[in-house]
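Chemist: No letters, just coordinates:
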Ligand code: ARG
């Protein structure tokens with residue numbers, strides 16, 4: 001077995017082994033570590049650093065370890081510190097001492113940087129695909145409820161009517177930005193660090209460009225010290241994931257509010273809801289609540305790594321091993337949240353009657369009333385004041401705008417005419433025809449643009 005402790009003259013204390021080991025979680029990088037090692041062995045042979053024969057048995061050994069892994073038959077001995085040592089040890093077990101040649105011109109420092117970059121690149125592709133599925137579910141829901149009008153809110157106080165589709169498309173836009181953030185992070189993750197060695201480069205004629213091509217990277221890193229100590233790409237991924245979770249958490253909050261008895265805008269499908277162990281009437285939005293809760297964890301992972309990195313001198317420091325558990329946790333939370341939200345949105349039922357009732361509340365057409373007076377020559381400021389007084393009056397009388405008589409309107413401004421009755425939810429929506437507004441024409445355009453962008 002590979003022994004790297006000769007300098008230390010004695011085995012590590014048991015407590016140290018337990019404290020420093022990362023294998024239990026970094027074995028998740030196994031497949032990337034093997035891919036990196038196969039490319040490395042081929043490069044060493046191509047450069048005449050090891051013989052073709054040695055490379056052949058090394059790559060054969062690595063491929064068979066990969067097969068064991070795929071069949072779930074790969075197990076590592078407990079004494080292995082991390083996935084890199086564990087695979088090397090298994091290789092030597094399989095092909096003998098020749099396996100010891102694999103680590104020529106390489107350090108675990110550039111190796112782990114490579115594995116993490118390969119991992120995140122793949123995760124980004126998967127994440128973007130999952131985000132797209134959720135976007136499609138949102139668009140389908142919007143399409144299926146094209147004519148549904150909801151109260152638009154500011155301060156969670158009913159403000160102006162908007163189309164439900166418009167509201168859902170707002171989330172579509174957030175996820176467009178998330179996707180672009182993930183691809184942006186991909187650009188800086190797509191840099192091949194192998195060949196940086198422990199910190200200063202390697203003393204062999206390696207072909208780093210060959211490695212980059214073999215492993216699907218578009219460029220190689222330009223400074224060995226930076227390459228082994230850079231974790232920006234993980235931070236960027238976790239930042240993008242945090243923002244994406246924040247969006248999911250905001251959507252979650254809306255689903256929680258909308259599914260309450262008081263709002264009753266939607267019904268979450270039974271398969272995506274939970275029940276109470278005591279209150280038989282309950283249909284709880286636990287999925288949405290957990291997404292809200294897990295968002296805190298994802299932020300925490302970002303904060304933890306920022307803090308870990310903040311005062312590290314160049315180059316590699318063991319502190320950086322702490323990058324992995326948070327990263328893996330963030331990846332798992334994000335992917336499961338996207339999956340469960342897609343299912344929940346796909347099965348969501350909108351309850352148009354309840355929504356329609358809410359639109360009647362809260363004098364939601366007050367801005368349109370003010371605009372009406374402005375069009376008749378009033379300044380917006382005084383129109384605002386007039387309508388505010390009108391709202392107070394109507395509220396005292398317990399009436400809606402529609403229930404007020406023409407004479408009652410007249411008490412507040414002579415500019416009010418019979419045509420005040422032409423101010424309706426429909427006219428309000430239609431008037432918001434600025435680009436990106438909630439006018440049905442604008443929303444239809446946005447919907448089809450969104451669908452086209454996704455397919
Ligand atoms: N397990 C280590 C990590 O994840 C790999 C690199 C170790 N390098 C070292 N010099 N101990 O960071």
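Modeler: Yes, it's here. Please read these numbers as outputs of a predicted model, since none were measured by experiment. Numbers count the residues shown, from 1 in each chain.
Chemist: which other residues reach stretch 318-338?
Modeler: 20, 22, 25-26, 28-29, 82, 116, 120, 123, 126-127, 130-131, 133-134, 229, 231, 234, 237-238, 241-242, 244-245, 248, 291, 294, 297-298, 300-302, 304-305, 308-309, 312 (Cβ atoms under 8 Å, 6 or more residues apart in numbering). No exception for glycine: its C-beta is placed from N, CA and C like everyone else's.
Chemist: Of these, which belong to helices?
Modeler: Members of the contacts of stretch 318-338 lying in helices (criterion: DSSP state H): 20, 25-26, 116, 120, 123, 126-127, 130-131, 133-134, 229, 234, 237-238, 241-242, 244-245, 248, 291, 294, 297-298, 300-302, 304-305, 308-309.
Chemist: and the nearest residue in space to residue 378 that is not next to it in sequence, what is it in contact with?
Modeler: Leaving aside its chain neighbours, residue 378 sits nearest to residue 415 (6.0 Å; criterion: Cβ to Cβ, 6 or more residues apart in numbering). By Cβ under 8 Å, 6+ apart, the residues touching residue 415 are 373, 376-378.
Chemist: element containing the closest residue to residue 119 other than its chain neighbours?
Modeler: Leaving aside its chain neighbours, residue 119 sits nearest to residue 32 (5.3 Å; criterion: Cβ to Cβ, 6+ apart). Assessed by DSSP states H and E, residue 32 sits inside helix 30-46.
Chemist: Which strands or helices does whichever helix or strand comes after that helix pack on?
Modeler: Proceeding N to C from helix 30-46, the next assigned helix or strand is helix 52-70, under DSSP H and E. In terms of contacts (3 or more Cβ pairs under 8 Å, 6 or more residues apart in numbering; DSSP states H and E), helix 52-70 is packed against helix 30-46, helix 83-95.
Chemist: what does helix 52-70 contact?
Modeler: 30-31, 34, 37-38, 41-42, 44-45, 50, 74, 87, 90-91, 94-95, 98-99, 101-102.
Chemist: One more pass at 7 Å, please.
Modeler: Residues outside helix 52-70 that contact it (Cβ atoms under 7 Å, 6 or more residues apart in numbering): 30-31, 34, 37-38, 41-42, 44-45, 74, 87, 90-91, 94-95, 98-99, 101-102.
Chemist: From the contacts of residue 415, pick the one nearest the ligand.
Modeler: The ligand lies nearest to residue 373 out of the contacts of residue 415, by Cβ to the nearest ligand atom, at 67.5 Å.
Chemist: What parts of the stretch 201-350 of the chain come near the ligand?
Modeler: Counting by Cβ under 6 Å from any ligand atom, the positions of the stretch 201-350 of the chain adjacent to the ligand are 316, 318, 320-321.
Chemist: of the residues you listed, buried ones?
Modeler: The neighbour-count criterion (16 or more other Cβ atoms under 10 Å) marks 316, 320-321 among those as buried.
Chemist: Secondary structure and pLDDT added to those, as CSV?
Modeler: As requested, these are arranged in CSV below (DSSP: H, G, I helix; E, B strand; the rest coil; pLDDT from 0 to 100):
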residue, secondary structure, pLDDT
316, coil, 98
320, helix, 98
321, helix, 98
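Chemist: any chance of the residues you listed in CSV, plus distance to residue 336?
Modeler: Below are these laid out as CSV (distance: Cβ to Cβ, whole Å):
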residue, distance to residue 336
316, 32
320, 26
321, 25
